[in-house]
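J.: sequence first, predicted coordinates after that:
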Protein chains: 2
Amino acid sequence: MADIGEEVKNKQVLFRDYVSGFPKESDFIITTATIRLKLPQASNGVLVKTLFLSCDPFMRMLMKNQSSAFSYSPGSLLFGYGVAKVLESAHSDFNEGDLVWGMLKWEEYSVVEDPGKLVKIHHTDVPLSYYTGILGMPGITAYFGFHEVCSPKKGEYVFVSAASGAVGQLVGQLAKLMGCHVVGSAGSREKIELLKNKFGFDEVLNYKEEHDLDAALKRCFPEGIDIYFENVGGKTLDSVLLNMRPHGRIAVCGMISQYNLDQLEGVHNLMRLVPQRIRMEGFIANDYFHLNANFLEAMLSYIREGKITYVEDTVHGLESGPAALIGLFSGRNIGKQIVSISTE
Amino acid sequence: MADIGEEVKNKQVLFRDYVSGFPKESDFIITTATIRLKLPQASNGVLVKTLFLSCDPFMRMLMKNQSSAFSYSPGSLLFGYGVAKVLESAHSDFNEGDLVWGMLKWEEYSVVEDPGKLVKIHHTDVPLSYYTGILGMPGITAYFGFHEVCSPKKGEYVFVSAASGAVGQLVGQLAKLMGCHVVGSAGSREKIELLKNKFGFDEVLNYKEEHDLDAALKRCFPEGIDIYFENVGGKTLDSVLLNMRPHGRIAVCGMISQYNLDQLEGVHNLMRLVPQRIRMEGFIANDYFHLNANFLEAMLSYIREGKITYVEDTVHGLESGPAALIGLFSGRNIGKQIVSISTE
């Protein structure tokens, strides 16, 4: 552990340039800078040591050159959610030794000049990495996306795509706790095993082995689907639309099948919204961050009582980060993808 | 006026066979049967004289051969909404001379064996034809679709497609009464004139004269769209999705641009639902029929106070019905399309 004031090496991941198509490892630059472990004189921020970084699908959107939305800057540091330890603080909300989660740059040591958005971690009887997943942004996404956007009722039929992912595995388990009938889709036998044996999904569907997704959904949902938790978009959404029950709800969390396409796929069956009176609603976790305390209380209880389990896929060291990040888009990860940077 | 018991000629419109592509006049058969103006002995229904029949876009869906949904039967009578007068009743809810609106067969005289779904008309200080439009199913669609599904607030930016149609003209006027900024699109100069000068839309857009609908919407909505009342689907929806504001709402009433296509157009910009947290919701008027009394009270006041006006496009005689009906799909009608059958 380096001391305050010391000058140390600081491994970093830079974003090379805007990406079209699937991102490659060469779209990122791993470099080593040096940093003096001391806040700049005028800083009101915090100096942190990065412990875990999170690989999340939304990061793909920031790699696009979008006039209308925020993007990564070519040549600058990548950033995303992570967990860190405060080494020095000039901000009244934080003290040395505090553990925090929030948006962090992809480097080993980092100055956060606007720490107001960091969340302090008070509960450390659970793995710290959980604050990138089940207790962080993906957890908030799953919890409020399911409970608020999906308006679930006991006994309803729920379909979750990308069901072994950071969010999907939680939605499935939350739906089971609610007394729903839950079917999940994933793209490998290993993931399918997880859904069945670890997360307790009622039925599973390997979309790579189904040549007719509509027929597969009709097999899994002879009564139709009340709730679809949408993580993938494209053809899956089109097939789901054909199988929704009256007054069904589609919570649109993401559409990972579309993120690397230059020409987005068309969705053809939206007319089904009308006769079936389907509500389809997009949402983002940020809108629920103010409810973090309620969320944390509920989710910590579930974890401590063993009612919800969480599977992570961990790689070690910043240099493994780019491969882990791009692996999200080929479905390489089994569970929530994290990069462990330091354990101290 | 024919007398009860008399045998009279009864003009009818039959549905020839399932339709693909645009419907043609030859998809319908005009024929003349005879009918004795007397309820069958065992009937619990009503015998009615048809006054007005309504041409509505949903009727196109019933012309398809759909395994999953209800269709017209080849060779049998066409049906749709209409207004009629009761000539004889074997049902305790109805008396001779009552005026009713509801689902009627396309014929001059008709026995309704299940009159429970007919709505009795009590207010006749307004044109009777209004019960096929502003005071009937399209009115209920506009009123609840706008007030319930769109959740409008004063000052919001509202876009209505097919804005001079049976529903669109009402949504635009209801939105103005609510204090919204309202833009409507239509496909001819005559319709555009109506929107501006008769219905009070703030801005108008002739979609046939815009080669870039996205740019046209950005011109009409520099601040973006809060509410889109969707009547057309396809490319319009795709352009609207690019211009929705955060927490925008899309009420999906219909998608008339798609009804005659064998291959539905793809909608490509659904990913916008997520960052903008857009709610897109399909609905049908039937779900609000139980609120008809509240609706009627509100809408009759608007009409009587001159706050809402309604434009109808009327053809005369059943033999003009098929051309009027198929005209909906080429945008021939200016305002709500009705067929006047009899005025007595």
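T.: Perfect, I can see it now.
J.: mind listing what the closest residue to A:L273 other than its chain neighbours touches?
T.: Residue nearest to A:L273 in three dimensions, not counting chain neighbours: B:G282, with 3.1 Å by C-beta to C-beta, 6 or more residues apart in numbering or on different chains. In short, each C-beta sits where N, CA and C put it, glycine included. Neighbouring residues of B:G282 by C-beta atoms under 8 Å, 6 or more residues apart in numbering or on different chains: A:272-279, B:252.
J.: in the sheet, who's paired with B:G282?
T.: Beta bridges link B:G282 to B:V252, judged by DSSP bridges.
J.: what's the local residue count around A:D125?
T.: Neighbour count of A:D125, defined by other C-beta atoms under 10 Å in any protein chain shown: 7.
J.: next one: A:E305
T.: Applying other C-beta under 10 Å, I find that A:E305 has 8 neighbouring residues.
J.: again, but for A:G179
T.: 12.
J.: do the same with A:Q258
T.: Neighbours of A:Q258 (other C-beta under 10 Å): 19.
J.: same check, this time on A:E223
T.: Using other C-beta under 10 Å: A:E223 sits among 10 other residues.
J.: which SS class is it?
T.: coil (DSSP: H, G, I helix; E, B strand; the rest coil).
J.: from chain B, how far out is it?
T.: Between A:E223 and chain B the computed distance is 14 Å (C-beta to the nearest C-beta, to the nearest Å).
J.: and that residue, what pLDDT?
T.: A:E223 is assigned 97 on the pLDDT scale.
J.: bridged to the nearest residue to it once chain neighbours are set aside, which residues?
T.: Excluding the flanking residues, the one nearest A:E223 by C-beta to C-beta, 6+ apart is A:Y157, at 6.1 Å. On the basis of DSSP bridges, A:Y157 is bridged to A:H181.
J.: wasn't A:M103 part of a helix?
T.: No. Per three-state DSSP, A:M103 lies outside any helix segment and is strand.
J.: where does A:S68 land on pLDDT?
T.: pLDDT, read off for A:S68, is 65.
J.: near chain B, which residues of the stretch 51-200 of chain A show up?
T.: Contact residues, the stretch 51-200 of chain A versus chain B (C-beta under 8 Å from any C-beta of the partner chain): A:A69.
J.: what's the residue of the stretch 51-200 of chain A found nearest chain B in contact with, if anything?
T.: Closest to chain B within the stretch 51-200 of chain A is A:A69: 6.8 Å, counting by C-beta to the nearest C-beta. Applying C-beta under 8 Å, 6+ apart, we find A:A69 in contact with A:61, B:275.
J.: quick check: the residue located most distally from the centre of chain A vs chain B, distance?
T.: Farthest-out residue of chain A from its mean C-alpha position, per C-alpha atoms, centre = their mean: A:Q41, at 35.5 Å. According to C-beta to the nearest C-beta, A:Q41 and chain B sit 38 Å apart.
J.: Three-state assignment for that residue, please.
T.: Relying on three-state DSSP, one would call A:Q41 coil.
J.: kindly state the pLDDT recorded for it?
T.: A:Q41 is given a pLDDT of 91.
J.: list the helices and strands the helix or strand encompassing A:T32 packs on?
T.: According to DSSP states H and E, A:T32 maps onto strand A:28-36. Applying 3 or more C-beta pairs under 8 Å, 6 or more residues apart in numbering or on different chains; DSSP states H and E, we find strand A:28-36 packed against strand A:7-15, helix A:321-327.
J.: buried set for the first one?
T.: Which is strand A:7-15. A:10-15 (16 or more other C-beta atoms under 10 Å in any protein chain shown).
J.: any idea how far it is from the chain center?
T.: Distance, stretch centre to chain centre, for strand A:7-15: 24 Å (C-alpha atoms, centre = their mean, to the nearest Å).
J.: what residue in the stretch 101-250 of chain A comes nearest to chain B?
T.: For the stretch 101-250 of chain A, C-beta to the nearest C-beta, closest residue to chain B: A:G233, 6.9 Å.
J.: kindly apply the preceding question to the stretch 151-300 of chain A instead.
T.: A:G266 (1.3 Å).
J.: how about low-confidence regions in the stretch 1-150 of chain A?
T.: Scanning the stretch 1-150 of chain A for pLDDT under 70 picks out A:1, A:67-68.
J.: which parts of it are strands?
T.: A:7-15, A:28-36, A:46-54, A:79-89, A:99-105, A:109-112, A:119-120 (DSSP state E, counting those that start in this stretch).
J.: quick one: contacts for the closest residue to A:K208 other than its chain neighbours?
T.: With C-beta to C-beta, 6+ apart as the measure, A:G187 is the residue that lies nearest to A:K208, at 4.8 Å, once sequence neighbours are left out. By C-beta under 8 Å, 6+ apart, the contact list for A:G187 reads A:206-208, A:331.
J.: pLDDT score for A:G187?
T.: At A:G187, the pLDDT value in this model is 95.
J.: where do the strands of the stretch 151-300 of chain A begin and end?
T.: Using DSSP E, counting those that start in this stretch, strands in the stretch 151-300 of chain A cover A:157-160, A:181-186, A:203-206, A:225-230, A:244-252, A:279-282.
J.: residues near the residue nearest to A:W101 when sequence neighbours are not counted, how many?
T.: Spatial nearest neighbour of A:W101, excluding adjacent residues (C-beta to C-beta, 6+ apart): A:Y131 at 3.9 Å. A:Y131: 28 surrounding residues under other C-beta under 10 Å.
J.: mind listing what the closest residue to A:P246 other than its chain neighbours touches?
T.: Nearest residue to A:P246, sequence neighbours excluded (C-beta to C-beta, 6+ apart): A:Q276, at 5.2 Å. Taking C-beta under 8 Å, 6+ apart, we find A:Q276 in contact with A:244-248, B:282.
J.: do the same with A:V267
T.: A:233-234, A:237-238, A:241, B:266-268, B:270.
J.: now what about the longest helix belonging to chain A, what contacts it?
T.: Of all the segments of type helix in chain A, defined by DSSP state H, the longest one is helix A:292-304. With contact meaning C-beta under 8 Å, 6+ apart, helix A:292-304 is reached by A:119, A:123, A:125-126, A:130, A:134-135, A:139-140, A:143-144, A:173, A:177, A:288, A:307-308, A:310.
J.: could you list which of these belong to helices?
T.: A:139-140, A:143-144, A:173, A:177.
J.: which two from those end up farthest apart in space?
T.: A:I140 and A:L177 (16.7 Å; C-beta to C-beta).
J.: out of those two, which sits in the more crowded spot?
T.: For A:I140 versus A:L177, neighbours defined as other C-beta under 10 Å are more numerous around A:I140 (24 against 13).
J.: how many neighbouring residues does the spatially closest residue to the more buried one that is not a sequence neighbour have?
T.: Of all residues not flanking A:I140 in the chain, A:A285 sits nearest, at 4.5 Å (C-beta to C-beta, 6+ apart). Using other C-beta under 10 Å, A:A285 has 22 neighbouring residues.
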